[in-house]
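**Q** I need the structure of the sequence given here:
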Amino acid sequence: MAPVLRQNATRSGSRIHAVGAYRPDVVVTNDDVCQWIDSSDEWIRQRTGIVTRRRAAADVSVIDMAEGAARDALERAGLEASRLGAVIVSTVTHPYATPSAAAALTERLGAAPAPAYDISAACAGYCYGVAQADALVRSGTAEYVLVVGAEKLSDFIDNHERTISFLLGDGAGAVIVGPSEEPGISPSVWGSDGSKWEAIGMTHSLNEVRELESLARHADESDDQALISAALNIWPTMRQDGPSVFRWAVWEMAKVAQSALDSAGVTAEDLSAFVPHQANMRIIDEMVKQLKLPEHVVVGRDIVDSGNTSAASIPLAMHRLLEENPGLSGGLALQIGFGAGLVFGAQVVRLP
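**A** Residues are numbered from 1 along each chain as shown. This is a model prediction of the structure:
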């Protein structure tokens, strides 16, 4: 008779126990941004809703910000880092392809030897991380999971580039996902649309950078000096097809959000809050309208002061929402992330 493999004892549910945040000290106004692009404070406010965004100092890394948010979340949860069963960091701006930011963060926190890994899912990465943390806790694989969204987008901004540079900010948000007697995280609705893979991304691949650097390194005086100069100064930066992304987000993501409500078995009336990715205030407003959210639902609008912080935007918005509205604690919130890939993820969660 073949042996029967053991499995972990499963749990009935999981929930978010606490949320933490790290916001960099440097405040960048729209007037500051307009030093480099032909725009105005009025235009940026009208088109995006952004008044200021935060940028990290040169000596502050993605891991530094992730640590700040993680320690805040752990303290609010009353949890020692040694009890973490996994550490997940969502980021697209950790400057190393390997090793992961999560491995370094785990060591800093004193959570080793917890398994640690990064997620590269851009603005949907936090929701992807929550989906995985929920599964890890409910399966009995981990008791508590740290999920962090951390981005230093300022390292990948061309200040003179007009399609996305004025939108982006830096920061980190973190949540502790752990056991619950009843479900506090609904089934996740997530996916991708690779047909729009080029809508948001980098100006150059690392292979292209390497080829141009090699060209410059082996050039002699007879070569085109302008080409050599360009090669020596090349660096991949962010860009997007703004109109295409806007249309996709407005028309498709409201459907995903509604699907998340349906999967959770709740309606918009049951919500206390809506915490969407902080991509653009017009996108947020349109989603509120399409979902027919009642007036009592508080909407996260952290974009006004923080800009678009990619994977960090939802936990940062949730953190601010709870700081300003503590009575929302225990209520239901619909969260949805969407971005480069194009990728998306959404779930209904009970607020810590």
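
**Q** what's the burial count for Tyr76?
**A** Quick fix: residue 76 is Arg, not Tyr. Neighbour count for Arg76, taken as other CB atoms under 10 Å: 18. Using the backbone N, CA and C atoms, a C-beta is placed for each residue, glycine as well.

**Q** So which elements touch the helix or strand hosting it?
**A** If you go by DSSP states H and E, Arg76 is part of helix 62-77. Using 3 or more CB pairs under 8 Å, 6 or more residues apart in numbering; DSSP states H and E, the elements in contact with helix 62-77 are strand 13-22, helix 101-109, strand 144-152, strand 170-180.

**Q** Of all these, which one is nearest Val348?
**A** strand 13-22 (11.4 Å; CB to CB).

**Q** For the helix or strand that comes right after the closest one, give the mean pLDDT please.
**A** Where DSSP H and E defines the elements, the next helix or strand beyond strand 13-22 is strand 26-29. Averaged across strand 26-29, pLDDT comes to 97.

**Q** cool, stretch 174-183 as well?
**A** Model confidence over stretch 174-183, given as mean pLDDT, is 97.

**Q** now do stretch 105-115
**A** Mean pLDDT, stretch 105-115: 98.

**Q** Would you mark the buried spots in that stretch?
**A** Of the residues in stretch 105-115, those buried by neighbour count under the rule 16 or more other CB atoms under 10 Å are Leu105, Thr106, Arg108, Leu109, Ala111, Ala114, Pro115.

**Q** Figure out how far it is from the centre of its chain.
**A** Relative to its chain's centre, stretch 105-115 lies at 21 Å (CA atoms, centre = their mean, to the nearest Å).

**Q** Identify the residues contacting it?
**A** With contact meaning CB atoms under 8 Å, 6 or more residues apart in numbering, stretch 105-115 is reached by 63, 66-67, 70-71, 74, 80-82, 84-87, 89, 116, 142, 146, 148.

**Q** hang on, the earlier thing: give the next helix or strand downstream of the helix holding Arg76.
**A** Once helix 62-77 ends, the next helix or strand along the chain (criterion: DSSP H and E) is strand 84-90.

**Q** Tell me the helices and strands packed up against that next one.
**A** For strand 84-90, the elements it packs on are helix 101-109, strand 116-119, helix 125-138, strand 144-152, judged by 3+ CB pairs under 8 Å, 6+ apart.

**Q** and of those, who's closest to Gly300?
**A** helix 125-138 (12.6 Å).

**Q** what angle sits between that closest one and strand 13-22?
**A** Angle between the axes of helix 125-138 and strand 13-22 is 140 degrees (criterion: axes from the mean of the first three to the mean of the last three CA atoms, to 10 degrees).

**Q** still on that earlier bit, could I get the buried residues of stretch 105-115 as JSON lines with distance to Phe156?
**A** Putting the buried residues of stretch 105-115 into JSON lines (distance: CB to CB, whole Å) gives the following:
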{"residue": "Leu105", "distance to Phe156": "20"}
{"residue": "Thr106", "distance to Phe156": "25"}
{"residue": "Arg108", "distance to Phe156": "23"}
{"residue": "Leu109", "distance to Phe156": "26"}
{"residue": "Ala111", "distance to Phe156": "28"}
{"residue": "Ala114", "distance to Phe156": "29"}
{"residue": "Pro115", "distance to Phe156": "28"}
